[in-house]
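>>> Fold the following, please.
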Amino acid sequence: MSVQGRIAPAEAATKRRGKVLTAAIAAQSLEYYDFLIYGTAASLVFNHAFFPSTSVAAGVLAAFATFAVGFAGRPVGAALFGHIGDRFGRKLALVASTLSMAVATTLVGLLPTFSSIGALAPVLLVILRVGQGIAVGGVWGGSTLLAVEHAPPNRRGLHGSLPQLGVFAGMVLGTLVFVVLSAVLAADQFSAWGWRIPFLLGILMIPVVFYIHRYLEDSPEFRVVEEKLAAAPKRSSVVQVLRRPKNLLLVVFIFLPATIMFYATATGLLDYGVRDLKIAKGTMLTAVMFSMIATGASTVLCGWLSDKLGRRPVYAGGVVLAGVWGFALFPLAETRNFWAILLAIVVGQISVGAMFGPGVTMFAEMFPPSVRFSGASMGYQLANIIGGGLAPFVMAALIAATHTTVYVSVYILAACLVSLVPLALLGRRALTPAVTEE
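From the prediction side, this is the model:
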């Protein structure tokens with residue numbers, strides 16, 4: 001065989017991985033842009049547009065409650081698209097979930113408010129929010145597993161971390177849109193119709209769906225599973241995971257501090273700064289936007305480090321940082337100084353990146369390929385319900401009830417301590433899968 005013939009397969013594999021990573025990052029970017037702009041809108045608009053109340057705090061809590069409802073759809077989506085991804089392919093699950101998100105988000109931008117249709121408005125908003133959650137439950141597993149399963153064995157941590165850049169890119173993009181709109185529109189224009197623009201931009205996901213459908217191949221590991229399933233079909237991967245839930249529960253509790261710290265800084269602190277500290281919306285949004293850049297960098301760096309040092313020690317470093325920094329977040333924000341606020345959010349989000357980077361690959365490695373989509377996705381999304389979905393609501397409720405932020409810091413620390421226990425049960429890279437091929 002010629003040298004050219006030997007090189008060609010390697011070059012083809014590199015190009016294939018490049019396409020997979022490009023599509024995975026784009027899908028995560030637009031998916032999380034769509035999902036997370038809701039959090040910003042809940043902080044700034046939805047409390048009076050959909051939940052008018054004589055109490056400002058009550059309206060905010062109602063808006064954040066619907067923010068949390070979206071997380072309830074995530075494990076449903078993880079189970080639904082997990083079954084599709086484990087039985088029919090990661091690619092099909094990613095296409096279907098991305099298209100679902102585009103439709104749900106665009107419809108939020110077209111939704112009449114409480115002043116137009118009364119109580120039906122928040123009902124429809126909740127339905128669409130659940131639809132967003134179901135879609136997110138599929139896109140994370142599809143994009144992450146395509147990247148991990150196409151990667152060389154010694155670079156899975158790095159490849160698994162790269163699609164997570166989409167989460168933070170989506171946050172930057174979503175926040176930037178709100179910053180620009182807040183700057184160019186008067187307050188009454190923004191409240192009346194300007195908030196709809198970020199949601200209507202969800203239609204831009206359609207070209208990404210086409211790209212994934214047209215240019216991506218399913219992973220080599222899934223093709224092996226597909227051949228086995230064709231020869232001897234097995235029970236649903238979701239059923240297999242739930243029958244032996246040990247690793248599923250480990251994922252949930254290990255990931256709690258990452259989800260809580262992420263939403264505490266990106267959404268909860270935004271509400272606290274604007275509503276309680278009377279800091280300008282633009283100041284808080286700009287700090288959140290720049291913090292996402294730091295989070296993305298730490299995610300990739302720590303994913304790469306996990307290939308060198310192991311998943312567990314890198315992840316544990318992020319947990320410890322989050323637990324300690326939770327007590328610095330609010331004192332820094334309360335200075336009302338932009339640079340102190342930026343420091344508070346940036347370091348908090350760096351701790352998130354230190355968990356996101358190695359975590360996504362670690363969770364995938366805890367399950368065999370035939371149930372990997374269902375197991376990793378359901379664990380990841382359940383953690384987002386218990387942690388991330390409730391974090392802004394819990395923060396607002398604790399501050400309203402106690403008139404201090406100390407208990408919010410204790411809440412973050414408690415999640416970190418809970419995480420360290422199951423993390424200690426893992427081996428250097430990951431626990432031997434408890435869910436076996438049946």
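>>> Checking L111 next. Helix, strand or coil?
Secondary structure for L111, judged by DSSP: H, G, I helix; E, B strand; the rest coil, is coil.
>>> quick one, phi psi at it?
Backbone torsions for L111, taken as degrees, to the nearest 10, come to phi -80, psi 130.
>>> which residues does it contact?
Applying Cβ atoms under 8 Å, 6 or more residues apart in numbering, we find L111 in contact with A121, L124, L125, L128. In this view, the C-beta of every residue, glycine as well, is placed from N, C-alpha and C.
>>> secondary structure element for the first one?
This points to A121. A121 belongs to helix 120-150 when elements are defined using DSSP states H and E.
>>> now the helices: where do they sit in the stretch 251-400 of the chain?
Along the stretch 251-400 of the chain, the stretches classed as helices by DSSP state H, counting those that start in this stretch are 269-271, 281-309, 311-325, 329-333, 338-365, 372-383, 391-402.
>>> hmm, back to that, who are the packing partners of whatever helix or strand comes next after the helix holding A121?
Using DSSP H and E, the helix or strand that follows helix 120-150 in sequence is helix 156-161. The contact analysis (3 or more Cβ pairs under 8 Å, 6 or more residues apart in numbering; DSSP states H and E) places helix 156-161 against helix 120-150, helix 281-309, helix 338-365.
>>> Send me the helix or strand following helix 156-161 as PDB with only the CA atoms.
Next along the chain after helix 156-161, taking DSSP H and E as the criterion, comes helix 165-184. Output of helix 165-184 as PDB, limited to C-alpha atoms (Å, rounded to 0.1, in the frame of the first residue of the first chain):
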ATOM      1  CA  LEU A 165     -18.500  25.500  24.200                       C
ATOM      2  CA  GLY A 166     -21.900  25.800  22.500                       C
ATOM      3  CA  VAL A 167     -23.600  26.100  25.900                       C
ATOM      4  CA  PHE A 168     -21.500  29.200  26.700                       C
ATOM      5  CA  ALA A 169     -21.500  30.600  23.200                       C
ATOM      6  CA  GLY A 170     -25.300  30.400  23.300                       C
ATOM      7  CA  MET A 171     -25.300  32.300  26.600                       C
ATOM      8  CA  VAL A 172     -23.000  34.900  25.200                       C
ATOM      9  CA  LEU A 173     -25.100  35.300  22.100                       C
ATOM     10  CA  GLY A 174     -28.300  35.400  24.000                       C
ATOM     11  CA  THR A 175     -27.000  37.900  26.600                       C
ATOM     12  CA  LEU A 176     -25.500  40.100  23.800                       C
ATOM     13  CA  VAL A 177     -28.900  40.300  22.000                       C
ATOM     14  CA  PHE A 178     -30.500  41.500  25.300                       C
ATOM     15  CA  VAL A 179     -27.700  44.000  25.900                       C
ATOM     16  CA  VAL A 180     -28.000  45.400  22.400                       C
ATOM     17  CA  LEU A 181     -31.800  45.600  22.700                       C
ATOM     18  CA  SER A 182     -31.700  47.300  26.100                       C
ATOM     19  CA  ALA A 183     -29.300  49.900  24.700                       C
ATOM     20  CA  VAL A 184     -31.200  50.700  21.500                       C
END
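>>> Go ahead and name everything in contact with helix 165-184.
Helix 165-184 is contacted from outside by 24-37, 40, 44, 143, 190, 194-195, 197-198, 201, 266, 281-282, 285-286, 288-289, 292-293, 295-296, 299-300, 356, using Cβ under 8 Å, 6+ apart.
>>> Give me the packing partners of the helix holding A121, helices and strands only.
Using 3+ Cβ pairs under 8 Å, 6+ apart, helix 120-150 sits against helix 3-44, helix 56-87, helix 90-109, helix 156-161, helix 220-231, helix 338-365, helix 372-383.
>>> got these as CSV, with mean pLDDT columns?
Formatted as CSV, the helices and strands packed on helix 120-150 follow (pLDDT from 0 to 100):
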stretch, mean pLDDT
helix 3-44, 71
helix 56-87, 76
helix 90-109, 87
helix 156-161, 88
helix 220-231, 72
helix 338-365, 92
helix 372-383, 89
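>>> closest to A400 out of those helices?
Each of the helices and strands packed on helix 120-150 has some distance to A400 by Cβ to Cβ; the shortest is helix 56-87, at 5.2 Å.
>>> Distance check, the spatially most central residue of the chain against V352.
By Cα atoms, centre = their mean, the mean C-alpha position of the chain lies nearest to V167, the distance being 5.9 Å. Look at V167 and V352: by Cβ to Cβ, to the nearest Å, they are 10 Å apart.
>>> on that earlier part again, out of the helices and strands packed on helix 156-161, flag the one nearest G77.
helix 120-150 (2.2 Å).
>>> now the closest one against helix 165-184, angle please.
Counting by axes from the mean of the first three to the mean of the last three Cα atoms, to 10 degrees, helix 120-150 lies at 140 degrees to helix 165-184.
>>> mind listing what's buried in helix 120-150?
121-122, 124-126, 128-150 (16 or more other Cβ atoms under 10 Å).
>>> Stretch 239-252 now?
Quick answer for stretch 239-252 (16+ other Cβ under 10 Å): Q240, V241, N247, L248, L250, V251, V252.
>>> With stretch 391-402 instead?
Going by 16+ other Cβ under 10 Å, stretch 391-402 has these buried residues: A391, P392, F393, V394, M395, A396, A397, L398, I399.
>>> same question, stretch 330-344
For stretch 330-344, the neighbour count (16+ other Cβ under 10 Å) marks F330, L332, A333, E334, A340, I341, L342, L343, A344 as buried.
>>> Tell me, how many residues neighbour the residue lying closest to L305 once chain neighbours are set aside?
Leaving aside its chain neighbours, L305 sits nearest to V314 (5.1 Å; criterion: Cβ to Cβ, 6 or more residues apart in numbering). V314 sits with 24 neighbouring residues when counted by other Cβ atoms under 10 Å.
>>> What's the local residue count around L181?
Neighbourhood size, L181 [other Cβ under 10 Å]: 16.
>>> I'd like the distance between it and V130.
26 Å.
>>> what about H48, distance to K281?
Applying Cβ to Cβ to H48 and K281 gives a distance of 14 Å.
>>> oh, I was asking about W325
The gap separating W325 from K281 is 24 Å, by Cβ to Cβ.
>>> And for N154?
To K281, N154 is 45 Å away according to Cβ to Cβ.
>>> Between the two, which is the more surrounded one?
Under the neighbour definition other Cβ under 10 Å, N154 and K281 were set side by side, and K281 has more, 19 against 9.
>>> List the residues that contact the more buried one.
Contacts of K281 by Cβ under 8 Å, 6+ apart are L44, S182, V274.
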